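Novice: The sequence and its predicted three-dimensional model are supplied below.
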Protein chains: 2
Amino acid sequence: MTYCVGIKLNAGLVFLSDSRTNAGVDHISTFRKMIVYERAGDRFMVLLSAGNLSISQSVREILQVEQLKEGEGSEPITIWNARSMFDAARVLGQAVRRVYDRDAESLKYAGVEFNVSLIFGGQIKGEGMRLFHVYSAGNFIEATSETPYFQIGESKYGKPVLDRVITPDTPLDEAAKCALVSMDSTMKSNLSVGPPLDLVVYEVNRFQSDKLVSIDMANPYYRMLHSSWGQKLREVFDSLDDPVWDDAHTETPLKVTDGQNKPLRKITRAEEKLI
Amino acid sequence: MTYCVGIKLNAGLVFLSDSRTNAGVDHISTFRKMIVYERAGDRFMVLLSAGNLSISQSVREILQVEQLKEGEGSEPITIWNARSMFDAARVLGQAVRRVYDRDAESLKYAGVEFNVSLIFGGQIKGEGMRLFHVYSAGNFIEATSETPYFQIGESKYGKPVLDRVITPDTPLDEAAKCALVSMDSTMKSNLSVGPPLDLVVYEVNRFQSDKLVSIDMANPYYRMLHSSWGQKLREVFDSLDDPVWDDAHTETPLKVTDGQNKPLRKITRAEEKLI
């Protein structure tokens, strides 16, 4: 499948994507799911895609030339002349709808759902950074300070660590580290997400970035993260008390068992047990 | 929704379930998803259920009286006289099919899928412990030493920690702790899973257990686990180096950007950067 995450912080933006694609476990291949649109000093935008690969590739292709026409006389809007990320996201939404008009019916005949999910974020000169989640219908939502990140694809395994760490005040490199830990947990539990990983870090008001990296499993930083996180997580787990069973029984019984109710006990902490 | 986990270890069995049920976020209620079947000294069995509540409740009701008839003359098999957990699981599978025959068509008219997922495990005198995952069709699979646990419901958030910790050699109380951490991560990221939690720990060859507990958020052990795990997880995260960006660029560029390819950099570890 896919796992991608986009994070919007006060300090900038972080984008991370895996690159495994599978049509069933017997057809696994590597496709990049990240594309960067940059005109240095003017605009910096990143697109992450999940869902049906033929759809997302078509969307990426079309997006380069897609034009949003706003009535007579006005110049058509493209991602390269859009004055706001909102307009650029509208162009992307129209690109999705164009692919829908072209392919959806044939896909339906083949029993394939029109399924694509996109994270699109960046900054255009004249406004602040913005981050959008674009759906199969071409509609989209925008990240806020309460919801500073979006995930697409296999998002559940890696969500708890994001929920614990990410706030708008999180520094950029710390957020990048968090995204990589989130990806590491996902790859540990889901075969359909895999390397290499593409990471981009954008600093606010730079309108360009050279913090782009493609990470394979030989990458020393990722190797450190993978082994240290796993090992220290285990140490933390071991450092927590096991539950201690209290001998007393509570009044509220649990469940029937052969007609009878079963009395409950309590679990408590070692030190409290000693008291 | 629901999150339940059943774990089979050399030392015994661990079962944990939440108790939140929701039909949409505006209709959330508390239903226990665990039931214990015990005849002390003879058999100890635990059933965890996820999916459509009307189905799982009917299955639980019917299971008490369900009889598996094996040709003329032979005594009908129930969960109370079954000679093996495998036979008991077959009785459970038949109970599921009975509810299917009764309700599936009407549910279909109402646009509701016949959806139930069950974890059923325990030990019957004369054989070892066994753990099964029973599906909506009444078919089932059994846990092995390579796959020592089953999850039903919202399983993804809590899977990474199980994958990191659980092996057949894991001690019982440590496995109970792991199940609770897995539940804690799930509740942190998914509103549809909630307290109170029902936990049962069974020691091999006891054919009974009084290690049953119902855990609410006031439980001192769970409170410790919740706060310590979150805090120490954060400490571990902070203890890992942030990525350091190498100034050199690699040869393999990433993605087109306004027609051009974008050179990549490397990320590395602080100490290596210093070399």
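Specialist: Nice, thanks for sending it over.

Novice: Any stretches of the stretch 151-275 of chain A with poor pLDDT?
Specialist: The model of the stretch 151-275 of chain A has pLDDT under 70 over residues A:248-263, A:266-275.

Novice: which residues of it fall in helices?
Specialist: Assigned by DSSP state H, counting those that start in this stretch, the stretch 151-275 of chain A shows helices spanning A:159-165, A:172-189, A:220-239, A:270-274.

Novice: could you dump those helices to TSV with distance to B:Asn190 and mean neighbour count?
Specialist: (Glycine included, C-beta is placed from N, CA and C.) Listed next are those as TSV, based on distance: least, C-beta to C-beta, whole Å; neighbours: other C-beta atoms under 10 Å in any protein chain shown:
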stretch	distance to B:Asn190	mean neighbour count
helix A:159-165	8	21
helix A:172-189	15	24
helix A:220-239	20	16
helix A:270-274	30	12
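
Novice: could you dump those to JSON lines with distance to B:Leu225?
Specialist: Shown next, in JSON lines, are the helices of the stretch 151-275 of chain A (distance: least, C-beta to C-beta, whole Å):
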{"stretch": "helix A:159-165", "distance to B:Leu225": "14"}
{"stretch": "helix A:172-189", "distance to B:Leu225": "19"}
{"stretch": "helix A:220-239", "distance to B:Leu225": "10"}
{"stretch": "helix A:270-274", "distance to B:Leu225": "13"}
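
Novice: Any chance of a markdown table for those, columns distance to chain B?
Specialist: Converted to a markdown table, the helices of the stretch 151-275 of chain A look like this (distance: least, C-beta to the nearest C-beta, whole Å):
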| stretch | distance to chain B |
| --- | --- |
| helix A:159-165 | 4 |
| helix A:172-189 | 4 |
| helix A:220-239 | 4 |
| helix A:270-274 | 6 |
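
Novice: between those helices, which one is nearest to A:Tyr109?
Specialist: Minimum separation from A:Tyr109 across the helices of the stretch 151-275 of chain A (C-beta to C-beta) falls at helix A:172-189, 33.3 Å.

Novice: Stretch A:138-150 near chain B at all?
Specialist: No: Stretch A:138-150 lies out of reach of chain B by C-beta under 8 Å from any C-beta of the partner chain, never closer than 12.3 Å.

Novice: Can you mark which positions in that stretch are buried?
Specialist: Buried positions in stretch A:138-150, judged by neighbour count with 16 or more other C-beta atoms under 10 Å in any protein chain shown: A:138, A:140, A:143, A:148-150.

Novice: Same check on stretch A:98-109?
Specialist: A:98-100, A:103-104, A:107.

Novice: any idea which of these is closest to B:Lys33?
Specialist: For those, the closest approach to B:Lys33 (C-beta to C-beta) belongs to A:Leu107, at 38.1 Å.

Novice: Look at that closest one and tell me its secondary structure.
Specialist: helix (DSSP: H, G, I helix; E, B strand; the rest coil).

Novice: Can you verify my assumption that it contacts A:Tyr100?
Specialist: No: here A:Leu107 does not reach A:Tyr100: they are 9.2 Å apart, not a contact under C-beta atoms under 8 Å.

Novice: Need the residues touching each of the two.
Specialist: Common contact partners of A:Leu107 and A:Tyr100 (C-beta atoms under 8 Å, 6 or more residues apart in numbering or on different chains): A:Phe114.

Novice: residues touching the residue positioned nearest the centre of chain A, list them.
Specialist: The geometric centre of chain A, computed from its C-alpha atoms, lies nearest to A:Val5 (C-alpha atoms, centre = their mean), at 2.1 Å. By C-beta under 8 Å, 6+ apart, the contact list for A:Val5 reads A:14-17, A:119, A:149-152, A:155, A:158, A:162, A:179, A:182-183.

Novice: what's across from it in the sheet?
Specialist: Beta-bridge partners recorded for A:Val5 (DSSP bridges): A:Leu16, A:Gln151.

Novice: next one: A:Phe132
Specialist: On the basis of DSSP bridges, A:Phe132 is bridged to A:Phe120, A:Glu142.

Novice: list the contacts for it?
Specialist: With contact taken as C-beta under 8 Å, 6+ apart, A:Phe132 is in contact with A:85, A:89, A:92, A:119-121, A:140-143, A:150.

Novice: that older thread, just the pLDDT for the residue nearest to the centre of chain A.
Specialist: On pLDDT, A:Val5 comes in at 97.

Novice: do stretch A:196-214 and chain B meet at all?
Specialist: Yes: Stretch A:196-214 comes into contact with chain B (C-beta under 8 Å from any C-beta), by way of A:198-199, A:201, A:210-214.

Novice: The residues you listed, buried ones only, as a PyMOL selection?
Specialist: Restricted to buried positions by 16+ other C-beta under 10 Å, the PyMOL selection for the residues of stretch A:196-214 next to chain B reads:
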select buried, chain A and resi 198+199+201+210+211+212+213+214
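
Novice: so which of the residues of stretch A:196-214 next to chain B would you say is closest to A:Leu264?
Specialist: Nearest to A:Leu264 among the residues of stretch A:196-214 next to chain B: A:Leu199, at 48.8 Å, using C-beta to C-beta.

Novice: B:Trp229 versus that closest one, what's the distance?
Specialist: Relative to B:Trp229, A:Leu199 is positioned 27 Å away (C-beta to C-beta, to the nearest Å).

Novice: can you check A:Gly122 too?
Specialist: Distance from A:Gly122 to B:Trp229, counting by C-beta to C-beta: 36 Å.

Novice: Let me know how buried the closest residue to A:Arg130 other than its chain neighbours is, in neighbour terms.
Specialist: Distances taken as C-beta to C-beta, 6 or more residues apart in numbering or on different chains put A:Met85 closest to A:Arg130, at 3.9 Å, once the chain neighbours are dropped. Neighbours of A:Met85 under the rule other C-beta atoms under 10 Å in any protein chain shown: 24.

Novice: residues near the residue nearest to A:Arg223 when sequence neighbours are not counted, how many?
Specialist: Computed as C-beta to C-beta, 6+ apart, the closest residue to A:Arg223 that is not its neighbour in sequence is A:Met217, at 7.1 Å. Neighbours of A:Met217 under the rule other C-beta under 10 Å: 12.

Novice: just A:Asp169 next, same as before
Specialist: Counted with other C-beta under 10 Å, the neighbours of A:Asp169 add up to 11.

Novice: which SS state does the nearest residue to it once chain neighbours are set aside fall under?
Specialist: Nearest-residue entry for A:Asp169: A:Asn10, 6.1 Å, with adjacent residues in sequence omitted and distances by C-beta to C-beta, 6+ apart. The three-state label for A:Asn10, taken from three-state DSSP, comes out as coil.

Novice: Quick check, pLDDT for A:Asn10.
Specialist: At A:Asn10, the model reports a pLDDT of 97.

Novice: surely it meets A:Pro168?
Specialist: Yes: with contact defined as C-beta under 8 Å, A:Asn10 counts as touching A:Pro168 (5.0 Å).

Novice: Spell out which residues are contacts of both of the two.
Specialist: With C-beta under 8 Å, 6+ apart as the test, A:Asn10 and A:Pro168 reach no residue in common.

Novice: Which ones among the residues of stretch A:196-214 next to chain B map onto strands?
Specialist: If you go by DSSP state E, the residues of stretch A:196-214 next to chain B have A:198-199, A:201, A:211-214 in strands.
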